[in-house]
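**Q** Quick one: sequence and predicted model below, then my questions.
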Amino acid sequence: MASPISFLPIALALAVLLRCPSGHLHVIRELKPDTEIPGQMVVEGFKCFDNKFIYNGCERAYRLNPSGSFNVPPEATNLFCNGPCLIETQLLLNCLDNTFQNFLFYNKATAQSVRNALRVGCSYSSQRGNFNQGLFMQGEFSEAHTFQKWFILHYSLLFLVGCCCFLIL
């Protein structure tokens, strides 16, 4: 039986989908379809950073902030990547994507460059612990995770074929 903690990411994702501020913006536009509210989308985007349903388990020091930085020291990489921080940061980026098409942080990083930095920083490559999204703003990022997926898929398929051959013989 699965432990209750294994359902935490699913519960967090549902909570964000149901409570993300972008839903409120949709209601405002339905009430006044021809009127743009100046700055409303910016306000809605910044509400994602303070949404208690997104960030509730990650230490404040490791959270992504509007400036586009999250300060994860190398010794805290395992805590960040294996704890709630990684999931909650991804939920924050999803909330921002739902509010803005092309959200830019103060440091000019995009949500995609932050995702690239998260992927590389949490990978098991020589870049593990490097969350500097400035290195990934030009679209350059490690493809080490694709090798791991290919390796698992390849050997899973090989195992499945071997089992089928064993059953046939």
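**A** Nice, thanks for sending it over.
**Q** what separates R119 from G162, distance-wise?
**A** R119 sits 32 Å away from G162, going by Cβ to Cβ, to the nearest Å. For the C-beta atoms, the positions are set from N, CA and C on the backbone; glycine is no exception.
**Q** Counting neighbours, go ahead and name the busier of the two.
**A** Comparing R119 with G162 by other Cβ atoms under 10 Å, the one with more neighbours is R119, at 17 against 10.
**Q** Look up phi and psi at that one.
**A** phi -60, psi -40 (degrees, to the nearest 10).
**Q** residues touching N102, list them.
**A** T110 (Cβ atoms under 8 Å, 6 or more residues apart in numbering).
**Q** what stretches of this structure score poorly on pLDDT?
**A** 1-45, 133-161, 163-166, 169 (pLDDT under 70).
**Q** what ranges do the strands span in it?
**A** Assigned strands in the chain: none (criterion: DSSP state E).
**Q** ranges for the helices of the protein?
**A** Under the criterion DSSP state H, the chain contains helices at 8-19, 22-31, 40-50, 77-82, 84-99, 111-121, 144-168.
**Q** Look at N116 and say how many residues are nearby.
**A** By other Cβ under 10 Å, 21 other residues sit near N116.
**Q** my bad, should have said F105
**A** As a burial measure, F105 scores 18 neighbours (other Cβ under 10 Å).
**Q** how about the nearest residue to it, chain neighbours excluded?
**A** In space, and not counting its chain neighbours, F105 is closest to G68: 2.8 Å by Cβ to Cβ, 6 or more residues apart in numbering.
**Q** ditto for L79
**A** Of all residues not flanking L79 in the chain, C85 sits nearest, at 7.3 Å (Cβ to Cβ, 6+ apart).
**Q** Test my guess that that neighbour contacts Y62.
**A** Yes - assessed by Cβ atoms under 8 Å, C85 is found in contact with Y62 at 5.0 Å.
**Q** tell me, what's touching the two both at once?
**A** Joint contacts of C85 and Y62 (Cβ under 8 Å, 6+ apart) are V72, L79.
**Q** Looking at those two, which is more packed in?
**A** Neighbours were counted for C85 and for Y62 using other Cβ under 10 Å; C85 has more, 24 against 21.
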